[in-house]
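I need the structure of the sequence given here:
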Amino acid sequence: MRHVLTTASLVLAMALGVGTAAAQAPGASVSGTVTEAPATTPAPVNGGIRSQNIFDVKPEASADPNYLNQTNGERAKVQPGNNAPMWRQVGQGTTGYSSLPKSEAPEAGNLIQPFVQYPGSRYTNAGEAWRQVRNDWIIPYGAALLFVTLLALAIFYFTRGTIGLHGSETGRKIERFTPFERATHWSNAIAFVTLAISGIVMAFGKFFLLPILGGAIFGYLTYALKTIHNFVGPLFVVTTIFMIVTFIRSNWPTMADLKWLRHAGGLFGGKEVPSHRFNAGEKAVFWGGVLFLGTFVIGSGLFLDKLLPGFVYTRGEMQIAHMVHAVATLCMTAMIMGHIYIGTLGMSGAYKAMRTGYVDETWAKEHHELWYDDIVAGKIPAQRSTDARSTPARSVPAEGTPS
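You can find the predicted model right below:
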């Protein structure tokens, strides 16, 4: 019964709909006579994008022997919208028109850099060549250098331990570093560590920090470290200059350094080789790390910050500066890691010397015997700073003289 009622309802609804449509049809009169509807003209089409009729395009355009040499105008006739000749020229480094002066913007008309081959890259455009050097060489081998250095220091520490004194301390103190020297060293050290940590996070952080912190926190962290890096860089430049001027006299090479190098400072002989105020290892850090590598780090860093006058700072110049900066910084960091180790965990009393400025007479004699002999002979004063009112220093007596 329910199905019969449903079917009847549908039939009735259809009948009513047909009747209503007939009543509303244009030209229908009240008496039911149908009149002819007036003709309507189609509305004109205004604007819009009209697609190309594929039947108007030659399907074998590439069969033309001159296909690769076609201009944009010729190509548009057979393949509308295909601007391959233009992009081919862009990819080849063709310079386009620019209203900017050539002296101020030499790359304004170039979208793609010309082809070059950097050490370690293929012959390709300069941007891709820089990417290959960074990703295939600087990042993996730089990380390996830092890891191997850290591993070697750890192995040396757990096998050799801290280098201690063989004799008892006398209580007589010698001023090893003046307050000015310590201020110079600590300001340079803090600046370097800040730059090294921020640089390592920016270069390698996505491999070991990004999976832990997540993209949002890691993004804020790297942005903050980049800002700190850029502002601390000039401070490092100034303090490095002070370091060179302050310590260059004591780091001048002598014949005693050759003996120290031949015996590796007594590393494997048990007794430390006599040296002056700084041994050959410390001098190597000064000349090779602070002066030589530091010059490349500072020069390239100032260039990347665009703080050097007289340069236009093109993309190619910035890429080369980045590669020089990265390589020099990684080598310098590895060298300074050894210096930090010796100055903290590696040698007892070394950190205290830089913190307080003074060392015990026994420490000076064991680690820098020639420097100690010069002090005993009166060539170098035991107290070098002008203000010694609050220091525990006392002059070192000559050999055989009771203290």
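
ok, and for the biggest helix by length in the chain, which residues are buried?
Ranked by residue count and defined by DSSP state H, the top helix of the chain is helix 215-247. For helix 215-247, burial by neighbour count (16 or more other CB atoms under 10 Å) applies to 218, 221-222, 225, 229, 232-233, 236-237, 239-240, 242-244, 246-247. Quick note: C-beta positions are derived from backbone N, CA and C, even for glycine.

Ok, stretch 89-99 next?
For stretch 89-99, the buried set under the neighbour-count rule, 16+ other CB under 10 Å, comprises Gln89.

Let's see the pLDDT reported for Gly265.
Gly265 is assigned a pLDDT of 83 by the prediction.

List the contacts of it.
272-273, 275, 279-281 (CB atoms under 8 Å, 6 or more residues apart in numbering).

Farthest pair within those residues?
Maximum pairwise distance among the contacts of Gly265 (CB to CB): 11.7 Å, between Glu272 and Ala280.

Which is the succeeding secondary structure element to the lowest-mean-pLDDT helix or strand in the chain?
Scoring the helices and strands of the chain by mean pLDDT, DSSP states H and E places helix 2-24 at the bottom, with a mean of 45. Heading C-terminal from helix 2-24, the first helix or strand you meet, by DSSP states H and E, is helix 72-78.

That next one packs against which elements?
Applying 3 or more CB pairs under 8 Å, 6 or more residues apart in numbering; DSSP states H and E, one finds that helix 72-78 makes contact with helix 84-91.

which residues sit against the helix it packs on?
By CB under 8 Å, 6+ apart, helix 84-91 touches 70-72, 75, 96, 111-112, 125.

now those as CSV including distance to Leu304 and pLDDT?
As requested, these are exported to CSV (distance: CB to CB, whole Å; pLDDT from 0 to 100):
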residue, distance to Leu304, pLDDT
Gln70, 43, 76
Thr71, 41, 77
Asn72, 38, 70
Arg75, 42, 73
Gly96, 27, 78
Leu111, 23, 84
Ile112, 22, 85
Asn125, 21, 89
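
Could you save those residues as CSV and add columns showing distance to Ala143?
Shown next, in CSV, are the contacts of helix 84-91 (distance: CB to CB, whole Å):
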residue, distance to Ala143
Gln70, 48
Thr71, 49
Asn72, 47
Arg75, 48
Gly96, 40
Leu111, 33
Ile112, 30
Asn125, 26
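
Closest one of those to Arg262?
Distances from Arg262 to these, taken by CB to CB, are shortest for Asn125, at 49.7 Å.

so how far is Phe115 from the closest one?
As for Asn125, its distance to Phe115 is 6 Å (criterion: CB to CB, to the nearest Å).
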